[in-house]
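*Asks:* fold the following for me, if possible:
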Amino acid sequence: MTANRDLKDIIRDRQKKTGESYTTARAYVMRARSNLLSLPIEQPAPDSSPQRADAAVLKINRQSARVRILGEDGHLTFRSSEVLDVVPGHIVTLVIDKRWIWRGDAYASGKIENPRIDLNQLGLLPLPLDGGALEDLRSHYEPYRRPDPYAPLWRKLTAKRRPAFEMDPIAWGQFPGADPEDNPTCDAAELRDAGDIEGAYDLLMDTLLKDLRCIDAHAHLGNLEFERRPTFLLERRATGSVLGRDAGARRLSCRAVGGAAVSPYPGIRESMTPESSRESLISASILHHT
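*Replies:* Residues are numbered from 1 along each chain as shown. As a prediction, this is how the structure comes out:
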């Protein structure tokens with residue numbers, strides 16, 4: 001009786017912390033208990049109604065998404081026909097029809113609802129910013145001139161001196177402890193230029209799985225979507241833009257040296273080609289203003 005009472009107390013404590021139903025909380029506790037004691041995993045009793053849970057999207061695969069259910073440890077591979085309608089950094093509501101463990105990895109299937117951006121639920125630590133001095137961008141970079149269609153935007157964004165900041169290297173894909181010469185966003189740009197779109201896509205997704213704060217990966221994924229789904233590019237840029245603002249990027253003047261373009265979007269850097277910089281510039285002017 002004491003053991004059963006203790007188990008129920010643990011389940012109810014989890015309910016209070018996560019807001020889950022008793023059935024969902026019990027299933028998680030029993031899985032954790034089974035893993036700890038190397039016991040067979042107890043299968044939950046059939047339930048006619050699907051479970052619902054909020055989750056953070058970490059990576060998109062072809063037919064599934066890697067997610068982290070809020071309040072749970074570890075990642076889950078979620079199979080759904082709606083995976084191509086969400087992006088890494090979204091908070092979504094999962095309607096879970098089935099959940100299982102295969103070779104130690106967690107899986108589930110069902111529907112994805114209500115994709116949204118919620119920084120508080122993502123729980124990311126803001127990246128630091130260095131600098132802040134006013135800078136005359138016209139004195140450092142070659143301007144866009146007529147008849148280039150970007151000339152008016154260039155003049156508007158560089159009309160006065162703007163605060164310039166240097167973002168943490170994570171923003172462009174340089175992770176702590178990694179080789180300084182390794183940069184996945186640069187590698188993805190090279191793959192794209194070589195025609196390996198799928199390879200570039202997979203590399204950028206793996207980068208975001210490592211850290212959603214790699215803003216440059218969001219920008220490059222937007223470029224990959226530009227030709228296939230132009231409207232979906234805005235979704236990717238909106239996510240990256242909000243993550244950038246969370247790092248203080250509302251005050252950031254960041255340059256795209258690849259095309260000598262100045263963009264208010266914080267994820268555009270030297271690794272981008274002039275063509276991709278222009279694509280970023282036009283979408284950034286819609287999504288983000290300083």
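*Asks:* separation between residue 99 and residue 111?
*Replies:* 14 Å (Cβ to Cβ, to the nearest Å). To be clear about C-beta, it is placed using only N, CA and C from the backbone, and glycine gets the same treatment.
*Asks:* so these two - more neighbours on which side?
*Replies:* Remark: of residue 99 and residue 111, residue 99 carries more neighbours, 21 against 16, as counted by other Cβ atoms under 10 Å.
*Asks:* now do the strands in the stretch 151-290 of the chain.
*Replies:* Ranges of strands within the stretch 151-290 of the chain are 162-167, 254-256, 261-263, based on DSSP state E, counting those that start in this stretch.
*Asks:* any idea of the mean pLDDT for the second one?
*Replies:* The one in question is strand 254-256. In this model, strand 254-256 has a mean pLDDT of 35.
*Asks:* tell me the contacts of residue 28?
*Replies:* Contact analysis of residue 28 by Cβ atoms under 8 Å, 6 or more residues apart in numbering lists 14, 20, 72.
*Asks:* among these, which ones are in helices?
*Replies:* Counted as lying in helices by DSSP state H, out of these, are residue 14.
*Asks:* and the contacts of residue 28, which is closest to residue 52?
*Replies:* Nearest to residue 52 among the contacts of residue 28, counting by Cβ to Cβ, is residue 20 at 9.4 Å.
*Asks:* now do the closest one against residue 131, distance only.
*Replies:* From residue 20 across to residue 131, the span is 44 Å (Cβ to Cβ).
*Asks:* which of those two has more neighbours?
*Replies:* In this view residue 20 and residue 131 are compared by other Cβ under 10 Å, and residue 20 has more residues nearby, 22 against 13.
*Asks:* how about the helices of this structure, start to end?
*Replies:* Going by DSSP H, the chain shows helices at 2-18, 22-37, 119-122, 151-157, 184-193, 197-210, 215-226, 230-246, 274-287.
*Asks:* so how far is the second one off the chain centroid?
*Replies:* Centroid displacement of helix 22-37 relative to its chain, using Cα atoms, centre = their mean, to the nearest Å, is 29 Å.
*Asks:* which parts of that helix are buried?
*Replies:* Judged by neighbour count using 16 or more other Cβ atoms under 10 Å, the buried positions of helix 22-37 are 24-31.
*Asks:* the bottom helix or strand of the chain by mean pLDDT?
*Replies:* Lowest by mean pLDDT, DSSP states H and E among the helices and strands of the chain is strand 261-263, with a mean of 31.
*Asks:* using CSV, write down the CA coordinates of stretch 116-134.
*Replies:* Listed next in CSV are the C-alpha coordinates belonging to stretch 116-134 (Å, rounded to 0.1, in the frame of the first residue of the first chain):
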residue,chain,number,x,y,z
ARG,A,116,2.8,29.7,-32.7
ILE,A,117,5.9,31.6,-31.4
ASP,A,118,6.2,31.8,-27.6
LEU,A,119,9.6,32.6,-26.3
ASN,A,120,8.6,32.1,-22.7
GLN,A,121,7.6,28.5,-23.4
LEU,A,122,10.7,27.8,-25.5
GLY,A,123,12.8,28.7,-22.4
LEU,A,124,15.9,29.8,-24.4
LEU,A,125,18.6,31.9,-22.8
PRO,A,126,19.1,35.2,-24.7
LEU,A,127,22.4,35.4,-26.6
PRO,A,128,24.7,38.3,-25.4
LEU,A,129,25.4,41.4,-27.6
ASP,A,130,28.7,43.3,-27.6
GLY,A,131,29.3,46.8,-28.9
GLY,A,132,26.6,49.4,-29.4
ALA,A,133,28.6,52.3,-30.9
LEU,A,134,27.0,54.3,-33.7
